[in-house]
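Trainee: got a sequence here, can you model it:
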Amino acid sequence: MFYADVNILGRSVCTIEKNTEAFVATSKEIGLEVSADKTKYMIMSRDQNAGRSYKINIDNSSFEGEEEF
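Mentor: Residues are numbered from 1 along each chain as shown. A predicted model of the protein is given here:
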């Protein structure tokens, strides 16, 4: 079994959601699985409230945000 750390970047929650959706779909196409339980995202923005309490929902999975890593 292999594991990878991946950074998905975007200027907004919407962009990160679209990029994550593309990543999950492409991963499936080549036989990889993205574990929603182990996946988190973080918004880096000058707006302190950007992305707070927001969950990205893709393919019946929910990805939770983190304020710091």
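Trainee: next up, phi/psi of the spatially closest residue to Met42 that is not a sequence neighbour, please.
Mentor: Ranked by CB to CB, 6 or more residues apart in numbering and with sequence neighbours excluded, the top spatial neighbour of Met42 is Glu66, at 4.9 Å. Just so you know, the C-beta spots here come from the backbone N, C-alpha and C atoms, and that holds for glycine as well. Dihedral pair for Glu66: phi -130, psi 150, per degrees, to the nearest 10.
Trainee: ok, now which ones touch Asn57?
Mentor: Phe63 (CB atoms under 8 Å, 6 or more residues apart in numbering).
Trainee: separation between it and Glu21?
Mentor: 10 Å (CB to CB, to the nearest Å).
Trainee: where in the chain is the helix or strand with the lowest mean pLDDT?
Mentor: None of the helices or strands of the chain scores lower by mean pLDDT, DSSP states H and E than strand 40-41, at a mean of 79.
Trainee: which residues sit against that one?
Mentor: By CB under 8 Å, 6+ apart, the residues outside strand 40-41 that reach it are 8, 16, 20, 51, 56, 63-66, 69.
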